[in-house]
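**Student:** model the following, please.
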Amino acid sequence: MTRMRAVEAAVLILEKEGATQAFGLPGAAINPFYRAMKDHGGINHILARHVEAASHMAEGYTRAKAGNIGICVGTSGPAGTDMITGLYAAIADSIPILCITGQAPVAKLHKEDFQAVDIASIAAPVSKWAVTVLEPAQVPGTFQKAFQLMRSGRPGPVLIDLPIDVQLAEIEFDIETYEPLPIAKPTTTRAQAEKILTMLTAAEHPLLVAGGGIINADAADLLVELAEVTGVPVIPTLMGWGTIPDDHPLNAGMVGLQTSHRYGNATMLESDFVLGIGNRWANRHTGGIDTYTKGRTFVHVDIEPTQIGRVFAPDYSVVSDAREALATLVEVAREWKDDTRIPDYGVWAKSCQQRKGTMQRKTSFDVVPIKPQRVYQEMNKAFGPDTRYVSTIGLSQIQAAQLLHVFKPRHWINAGQAGPLGWTLPAALGVATADPESTVVALSGDYDFQFLLEELAVGAQFKIPYIHVVVNNAYLGLIRQSQRGFEMDYCVQLSFDNINAPELNGYGVDFVKVSEGLGCKAIRVFEPDDILPALETAKKLMVEFEVPVVVEVILERVTNVSMGTEIDGVVEFEDLAERGLDAPTAIALLD
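**Tutor:** As a prediction, this is how the structure comes out:
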């Protein structure tokens, strides 16, 4: 056995478990952990400007690649409380991140010591496990259990709180014989798979709904295989976007009240059977449950037992890891295909494609100020299928999901359930850290961009290049649109006359100067024909200077984006595409 400080054992375990990228902020109570990282040298660290941002960086890092677990580090007091939004965003979307906080000494936890707070109790509702370690010898076991919990069942975040005296205490520990604990994942039996396929093949118009659990399980290949073997079209959820390429003939489009396609909603309404795998039946996907479920049989497969029946009771359900379920379903489906027990769904699939080719939204607008639809049209031209998009909330994110194209899993990275403003920028830094070879493109409205704007300096300092498209209408656009129902436009305007930037004509913050002041490059666009050249220039600047590049597009002040309260009642505020020239980058051309 080897004698070492408890934090030295913790750092060795992080490396053994494959968690080698940390984002954080040192402080007095966590400095022993930082010393252990410095001495060991096996953990990479990026210094954030705000600890909430560090937690979002850790989440972006985790989401970018199967098996990744990002680490967020800070003190227990203000840093730990700053992490809460990050923990909420992570647990809401089943993303494992490890938050490590440095605490006051054990003997002073009840004495209102400086920056001492019961962070474990605060974090408990938004984490799979939150614990303050009171005994040094428990540190190795705590970290070992943390990794098992983060990876087992429905993934999620864990917070470990380490009092400073616990960090500094010496313990006996042998990393050479350390082994990660086994990961528990429920599986699908053959009988369950046969039951599901019996129900599916009895339907005339079946659909597969592909949720984020498929991406978490790294099972998109099996989802596509199941669709191809059965011939059944696929509806990806927002969190499952990329499980099947947008241009795949069996991709039937997304369904929902906001982040959806017209053809996706129309196809759902024509279906008579739905098999949902790794999805939550989120309310922005379903809308009114009566409309969504009427006339349809539902099967729900999810790794978390308490998700079954949470929103509505399915006709049949299986608790299973998505990859395990899909593997068994594919095996049985292949046998049934050979025995001709799977009907020919060619006519149904062709009708889905026909809707896809005719029910498009218009994007080709030439007016000034710029309509946002034109921005996404030009982004489709500028960025290829390997682009990783990052976004979080607002009209910018909603319209992006309606108009952009995604072709691979983990290439649409979005805070789905929590949707915290400010998430996009630090999450994009985490994604770019995890995959420095890919083109990472973040998309924000002007308010999301302002929330954690200072993190641009992190990208400049640590040479983390990516492109950040900011669509600026100087409004809280989504809230303004929501306020229409209350007949008001109240406390949502961000416009003001900037005395230092009269060329902005009342749009307020000069994002170009701010971005440049933080060490980045920035371009501002006023004319629709200048969007594509600006994006092309941004790609060159990103490579040349290895820093984030901001492309700000000045939009019309008010745009009402397609949305509604029922999937059969989405309101279209703009003209629809009638020919290919109306939507030249649509995934299925009208002509």
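**Student:** doesn't Arg276 belong to a strand?
**Tutor:** That one is not Arg; residue 276 is Gly. Yes - counting by DSSP: H, G, I helix; E, B strand; the rest coil, Gly276 is located in a strand.
**Student:** how close does the nearest residue to it once chain neighbours are set aside sit to Trp281?
**Tutor:** Closest residue in space to Gly276, ignoring its immediate chain neighbours: Val209 at 4.1 Å, by CB to CB, 6 or more residues apart in numbering. All C-beta atoms are positioned from the backbone trio N, CA, C, and that covers glycine. The gap separating Val209 from Trp281 is 9 Å, by CB to CB, to the nearest Å.
**Student:** try Gly80
**Tutor:** Distance, Gly80 to Trp281, by CB to CB: 33 Å.
**Student:** need the pLDDT of the nearest residue to Gly231 once chain neighbours are set aside.
**Tutor:** Excluding the flanking residues, the one nearest Gly231 by CB to CB, 6+ apart is Tyr345, at 4.1 Å. We have a pLDDT of 96 for Tyr345.
**Student:** what's the local residue count around Tyr345?
**Tutor:** 20 (other CB atoms under 10 Å).
**Student:** do I have it right that it meets Val234?
**Tutor:** No - using CB atoms under 8 Å, Tyr345 makes no contact with Val234, being 12.0 Å away.
**Student:** what about Asp339, neighbour count?
**Tutor:** Neighbours around Asp339, by other CB under 10 Å: 8.
**Student:** ok, now how distant is it from Asn283?
**Tutor:** The value you get for Asp339 to Asn283, if CB to CB is used, is 40 Å.
**Student:** likewise Ala116?
**Tutor:** Using CB to CB, one gets 39 Å for the distance from Ala116 to Asn283.
**Student:** what about the two, which has more around it?
**Tutor:** A side-by-side neighbour count of Ala116 and Asn283, using other CB under 10 Å, places Ala116 first with 19 against 14.
**Student:** wait, the more buried one sits on Gly102?
**Tutor:** No - in this structure, Ala116 is not within contact of Gly102 by CB under 8 Å, at 10.6 Å.
**Student:** could you identify the helix or strand that succeeds the least confident helix or strand in the chain by mean pLDDT?
**Tutor:** Within the chain, no helix or strand scores below helix 477-483, which has a mean of 77 by mean pLDDT, DSSP states H and E. Using DSSP states H and E, the helix or strand that follows helix 477-483 in sequence is helix 511-517.
**Student:** from the middle of its chain, how far away would that next one be?
**Tutor:** 27 Å (CA atoms, centre = their mean, to the nearest Å).
**Student:** buried residues, it. List them.
**Tutor:** By 16 or more other CB atoms under 10 Å, the buried positions in helix 511-517 come out as Phe511, Val512, Val514, Ser515.
**Student:** still on that earlier bit, what sits in contact with each of Ala116 and Gly102?
**Tutor:** With contacts defined as CB atoms under 8 Å, 6 or more residues apart in numbering, the residues adjacent to both Ala116 and Gly102 are Ser76.
**Student:** so how far is Arg388 from the spatially most central residue of the chain?
**Tutor:** With distances taken as CA atoms, centre = their mean, Asn414 lies nearest the centre of the chain, 2.7 Å away. Using CB to CB, Asn414 is found at 11 Å from Arg388.
**Student:** again with Met268
**Tutor:** 28 Å.
**Student:** quick one: contacts of the lengthiest helix in the chain?
**Tutor:** Looking across the chain with DSSP state H, the single longest helix is helix 322-338. Outside helix 322-338, the residues that touch it by CB under 8 Å, 6+ apart are 185-190, 192-194, 196-197, 201, 211, 213-214, 216-219, 222-223, 225-226, 229-230, 277-278, 301, 303, 318, 342.
**Student:** quick one: low-confidence ranges for the stretch 151-300 of the chain?
**Tutor:** Filtered on pLDDT under 70, the stretch 151-300 of the chain yields no residues whatsoever.
**Student:** can you give me the strands for the stretch 201-350 of the chain?
**Tutor:** In the stretch 201-350 of the chain, the segments counted as strands under DSSP state E, counting those that start in this stretch are 206-210, 234-236, 273-277, 297-302, 316-319.
**Student:** out of those, which gets nearest to Tyr88?
**Tutor:** Smallest distance to Tyr88 across these (CB to CB): 20.4 Å, for strand 297-302.
**Student:** only C-alpha atoms, please: export the closest one in CSV.
**Tutor:** Provided in CSV are the C-alpha atoms of strand 297-302 (Å, rounded to 0.1, in the frame of the first residue of the first chain):
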residue,chain,number,x,y,z
THR,A,297,-51.1,2.6,-29.8
PHE,A,298,-48.0,3.4,-27.8
VAL,A,299,-45.0,1.4,-26.7
HIS,A,300,-42.4,3.0,-24.4
VAL,A,301,-38.9,1.8,-23.9
ASP,A,302,-36.8,3.7,-21.4
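**Student:** in this structure the residue nearest to Gly276 contacts Gly278, no?
**Tutor:** No - with contact defined as CB under 8 Å, Val209 does not count as touching Gly278 (9.0 Å).
**Student:** neighbour count: these two, which is higher?
**Tutor:** Gly278 (33 against 26).
**Student:** out of everything not next to it in sequence, what's closest to that one?
**Tutor:** Leaving aside its sequence neighbours, Gly278 sits nearest to Gly213 (CB to CB, 6+ apart; 2.2 Å).
**Student:** before we move on, what about Ala252?
**Tutor:** Ala252 sits nearest to Pro233 (CB to CB, 6+ apart), 3.9 Å away.
**Student:** look up phi and psi at Gln373.
**Tutor:** phi -60, psi -40 (degrees, to the nearest 10).
**Student:** how close does the residue nearest to it when sequence neighbours are not counted sit to Asn44?
**Tutor:** Using CB to CB, 6+ apart and skipping the chain neighbours, the partner closest in space to Gln373 is Thr363 (4.3 Å). Distance of Thr363 to Asn44, given as CB to CB: 40 Å.
**Student:** those two: which is more packed in?
**Tutor:** Between Thr363 and Asn44, counted using other CB under 10 Å, the more crowded position is Thr363 (24 against 13).
**Student:** per-residue pLDDT of the more buried one, please?
**Tutor:** For Thr363, the predicted pLDDT is 93.
**Student:** try Pro136
**Tutor:** Listed pLDDT for Pro136 reads 96.
**Student:** and if you look at Ile587?
**Tutor:** 87.
**Student:** for it, what are its contacts?
**Tutor:** Asp246, Asp247, Lys356, His405.
**Student:** again, only using 10 Å
**Tutor:** 245-248, 251, 253, 261, 263, 356-357, 360, 380, 403-407 (CB atoms under 10 Å, 6 or more residues apart in numbering).
**Student:** how about the helices of the stretch 201-350 of the chain, start to end?
**Tutor:** In the stretch 201-350 of the chain, the helices defined using DSSP state H, counting those that start in this stretch lie at 212-216, 220-230, 262-270, 283-286, 289-293, 322-338, 346-356.
**Student:** to Ala28, which of those helices lies closest?
**Tutor:** Proximity to Ala28 (CB to CB) singles out helix 212-216 among the helices of the stretch 201-350 of the chain, at 36.4 Å.
**Student:** hang on, the earlier thing: alpha carbons of the least confident helix or strand of the chain, as PDB, please.
**Tutor:** Output in PDB follows, covering the C-alpha atoms of helix 477-483 (Å, rounded to 0.1, in the frame of the first residue of the first chain):
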ATOM      1  CA  GLY A 477     -38.000  37.300 -28.500                       C
ATOM      2  CA  LEU A 478     -39.600  34.100 -27.100                       C
ATOM      3  CA  ILE A 479     -41.000  35.900 -24.000                       C
ATOM      4  CA  ARG A 480     -42.300  38.800 -26.200                       C
ATOM      5  CA  GLN A 481     -44.100  36.300 -28.400                       C
ATOM      6  CA  SER A 482     -45.500  34.600 -25.300                       C
ATOM      7  CA  GLN A 483     -46.700  37.900 -24.000                       C
END
